[in-house]
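[1] kindly generate the corresponding structure for this input.
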Amino acid sequence: MIDIVRVLRETTMGRAEHHPTLTSTNDRAAECAAQGVKDLPLLVVAEEQTAGRGRGVKRWWTGRGELVFSLLVDAKTVAAGETRSPLVALATAVAIADAVAPLLPNRKLGLRWPNDVVVDGKKLAGILVEVLPDRRHIIGIGVNTNNTSADAPQELRDVVATIRDLAGREQDQTDILIKLLHCLEQRYSQLQSDAKSVAAGADQLCQQRGQMVTLQWDDRKVAGRCRGIAADGSLLLETPTGVEAFCSGTVLPG
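    As a prediction, this is how the structure comes out:
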């Protein structure tokens, strides 16, 4: 159970909500935005999420014990007027890696562009960034903390990882959430002062480098060898016509 009073006391959240069950923390954050909430950042945490959304039409599997939350932040917090949207998700991914690394010593943490954190090649966390018309951002985060891959759908069991499984014990969710919020604040501050260093950090963690990748971009599919992440957060693919940069798109499985 999340100690929301402690979270408010030990972080810079302007407002926080804790729900036993929600369909989607991002949807609840959007409702709060529509209602004109002013005390930002807003944190929405749910013990259970029944209809989480991933990018595009993907569903977000939420196992019992997963840490699921969304942040509603203003545009200034994520330097939205100065950076392209990939950098917000990438800064979030780097912050998650920062926060969980001490819990997973001797494990290889990385990210998969544009929005996954992986450990030993398996998905540990997912991110969904949604931008409102006024440029406020809703940042949805799911981290596999106290859930277990044994409870995942059969098709996911070999591709997801959880801290509980890897560390061999359950974690204090409040401790992890507070650490995550501190790391997110640091990385978002870095977006304002030195966005290129955020991209460089993401590039160092990029697990797709050197791999053949197929990207769905609008109505186009592009295949190429990944050459890392550019200074603006774009994915670099070496194609038959040269290296191309993609600031959005979906990496197809395969």
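[2] so which residues of the stretch 1-150 of the chain form strands?
    Remark: strands assigned in the stretch 1-150 of the chain by DSSP state E, counting those that start in this stretch are 15-22, 42-49, 67-73, 109-112, 116-119, 122-131, 137-143.
[3] packing partners for the fourth one?
    To tie it back to what came earlier, the one meant is strand 109-112. On a contact count with 3 or more CB pairs under 8 Å, 6 or more residues apart in numbering; DSSP states H and E, strand 109-112 meets helix 86-100, strand 116-119, helix 195-205. Yep, even glycine has a C-beta here, placed from its N, CA and C like the rest.
[4] what sits against residue 50?
    Contacts for residue 50 (CB atoms under 8 Å, 6 or more residues apart in numbering) come out as 21-23, 62.
[5] how close does it get to residue 176?
    Counting by CB to CB, to the nearest Å, the separation of residue 50 from residue 176 is 22 Å.
[6] with residue 240 instead?
    44 Å.
[7] more neighbours: those two, which one.
    Ranked by neighbour count (other CB atoms under 10 Å), residue 240 and residue 176 place residue 176 first, with 19 against 6.
[8] buried set for the helix or strand where that one lies?
    For residue 176, the element it lies in under DSSP states H and E is helix 173-193. Using 16 or more other CB atoms under 10 Å as the test for burial, helix 173-193 gives 173-174, 176-185, 187-188, 190-191.
[9] for residue 161, phi and psi?
    Main-chain dihedrals, residue 161, degrees, to the nearest 10: phi -130, psi 150.
[10] OK, contacts around the residue nearest to it when sequence neighbours are not counted?
    Nearest residue to residue 161 in three dimensions, chain neighbours excluded: residue 122, at 3.8 Å (CB to CB, 6 or more residues apart in numbering). Residues counted as contacts of residue 122 (CB under 8 Å, 6+ apart) are 158-161.
[11] burial measure for the closest residue to residue 15 other than its chain neighbours, as a count.
    Nearest residue to residue 15, sequence neighbours excluded (CB to CB, 6+ apart): residue 39, at 4.0 Å. Residues lying near residue 39 (other CB under 10 Å) number 11.
[12] hang on, residue 39 packs against residue 14?
    Yes - between residue 39 and residue 14 there is a contact under CB atoms under 8 Å: 3.5 Å.
[13] let me know which of the helices and strands packed on strand 109-112 is the nearest to residue 246.
    helix 86-100 (8.9 Å; CB to CB).
[14] next, the angle from that closest one to strand 67-73.
    If you take axes from the mean of the first three to the mean of the last three CA atoms, to 10 degrees, helix 86-100 sits at 140 degrees to strand 67-73.
[15] report the angle between the axes of helix 86-100 and strand 122-131?
    140 degrees.
[16] tell me how far residue 179 lies from residue 9.
    Taken as CB to CB, the span from residue 179 to residue 9 is 15 Å.
[17] can you check residue 106 too?
    33 Å.
[18] between the two, who's got more neighbours?
    Remark: of residue 106 and residue 9, residue 9 carries more neighbours, 10 against 5, as counted by other CB under 10 Å.
[19] show me what contacts the residue nearest the centre of the chain?
    Nearest to the mean C-alpha position of the chain, counting by CA atoms, centre = their mean, stands residue 127 at 2.7 Å. Each residue near residue 127 by CB under 8 Å, 6+ apart is listed here: 89, 92-93, 96, 115-117, 139-141.
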